[in-house]
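1. after the sequence you'll find the predicted model.
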Amino acid sequence: MKRVEARYTLKDSQLFKSQVLAWSQQFESVIWLDSNQHHEKYTQHEAVLAFGENSYLESDFPNAFKKLKNYQSQINDYIFGYLSYDLKNDLEDLVSENKDHLHFPDLYFFQPQKLLFISGHTITFKYLEPFAKEIEKDFKEISNFLLIRKKKNNSQSNIQLRIDKETYLKKVGHILENIHHGDLYEATFCQEFYSENTLIDPVKVYQNLNAISKAPFATFLKLKDRYLLSASPERYLKKLGQKVISQPIKGTAKRSNSIPEDIKLKQALQKDPKERAENIMIVDLVRNDLSRISVKGSTEVEELCAIYSFEQVHQMISTISTQTRMGMHPVDILKNTFPMGSMTGAPKIAAMKIIEKEEESKRGLYSGSVGYFTPSGDFDFNVIIRSILYNQSKKYVSFSVGSAITSLAIPENELEECLLKAKAMQQVLI
């Protein structure tokens, strides 16, 4: 089925972005991706909105990647969706037995009836042919959509930690024992913050989170009564023709309002031996994962331990690229590299087993990935971190944060890092 394109010029692109997200809430399935004008080397679109299901695939983990491969091949069009962390169980002899309070499917993708791409002051509509006649009407509706300004969120959240401080420190100690015994080198250990019997305005909370974070891989996802509100700074994997790019984050430092102090914090992160060791271990893991799908000798570390500054934190990010072998199916590329090394550890399988043992909540969509495939088989997927998950029917709000535990880890410092990462989510929910 063909897509019909139409372009319009926007007077105020930021206002239009707010209008289109609010207007899209009439649809059951919505994915909004916003780069927040981070024009880095591999950015292609400033913002994308996909909505209205023409077809969809929903699956729990058994045979999930096989189903996705068949679906993507058959549709041969744009498809948008997510891979939850627990798809690891489709790849290895692993389990997810921790409590799940959010109940997202393990995998969900849909072929959107309607697509919008925003770049600067230009909006491009790409509608499936049967819906093309609605382009002009939709543009007028969105442009005239009246935004209701709210000074405060309507949330009444009582945020609690799933793991108390004393237990958290003990669990980090257990992971360190495994590291010292030689079972693994690094594990990303996460904990959940949650609030029960809570109602929030998902659009408003997302917009507030995005305003204070301005992350390059921000995401708003609506799947009927379940929502993802994400200010992710991290790309998992991008495919451009035969080239595949991964940009793992490992290493975090707070920002300061004082410019001299902020520069010192950034420089200290750049030189920190623990943070560099974490990042380099994950770079090696990513290179190993990419070797399964790449042309021999084509893998390159384009940036090692580079420091990027965001609104809330400084981050240490490395960029690894490779050339894929001819005929490699795009879903097989994801399958051979999932879950992302930055959210697991090294060796990956050993780390995932210890993570499952020590954590007390099912990760689900957290530390999974949201993104899309193009008709040509290219794709772009982020890492779901710095994100709020919301089950509206169950009135359950959740966000998780984590840190990488290595032999140099000090449990109290790991807790402090987690609290720093949780700051933005707490701020928009209280």
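-> Received it, and whenever you're ready, just let me know what you need.
2. which residue packs closest to the residue sitting nearest the centre point of the chain, ignoring adjacent ones?
-> Nearest residue to the geometric centre of the chain (Cα atoms, centre = their mean): Ile384, 2.4 Å. Nearest residue to Ile384, sequence neighbours excluded (Cβ to Cβ, 6 or more residues apart in numbering): Gly368, at 5.2 Å. C-beta here means a position set from N, CA and C on the backbone, and glycine is covered the same way.
3. was I right to think the one you found contacts Leu87?
-> Yes - under the criterion of Cβ atoms under 8 Å, Gly368 makes contact with Leu87 at 7.4 Å.
4. for the two, indicate the residue with more neighbours.
-> Taking other Cβ atoms under 10 Å, Gly368 and Leu87 do not tie; Gly368 has more neighbours (28 against 25).
5. circling back: next one: the residue nearest to the centre of the chain from Lys133, what distance?
-> Distance, Ile384 to Lys133, by Cβ to Cβ, to the nearest Å: 36 Å.
6. cool, and Lys296?
-> Applying Cβ to Cβ to Lys296 and Lys133 gives a distance of 51 Å.
7. secondary structure element for Asp332?
-> Applying DSSP states H and E as the criterion places Asp332 in helix 330-335.
8. could you pull up phi and psi at Glu358?
-> When read as degrees, to the nearest 10, the backbone of Glu358 gives phi -90, psi -30.
9. contact partners for the closest residue to it other than its chain neighbours?
-> Among residues not flanking Glu358 along the chain, Lys171 sits closest, at 4.6 Å (Cβ to Cβ, 6+ apart). Residues near Lys171 by Cβ atoms under 8 Å, 6 or more residues apart in numbering: Ile163, Phe189, Glu358.
10. coming back round to it: make sure the residue nearest to the centre of the chain is indeed in a helix.
-> No - applying DSSP: H, G, I helix; E, B strand; the rest coil, one finds Ile384 to be coil, outside a helix.
11. pretty sure Gln242 sits against Met326.
-> Yes - using Cβ under 8 Å, Gln242 makes contact with Met326 at a distance of 7.5 Å.
12. who has more neighbours, these two?
-> More crowded of Gln242 and Met326, by other Cβ under 10 Å: Gln242, with 14 against 7.
13. residues touching the more buried one, list them.
-> Gln242 makes contact with Gln323, Thr324, Met326, according to Cβ under 8 Å, 6+ apart.
14. again, but for Glu196
-> For Glu196, the contact set (Cβ under 8 Å, 6+ apart) comprises Asn158, Lys395, Tyr396.
15. identify the residue nearest the last one in space, chain neighbours excluded?
-> For Tyr396, the nearest residue in space outside its immediate sequence neighbours is His101; the separation is 5.1 Å by Cβ to Cβ, 6+ apart.
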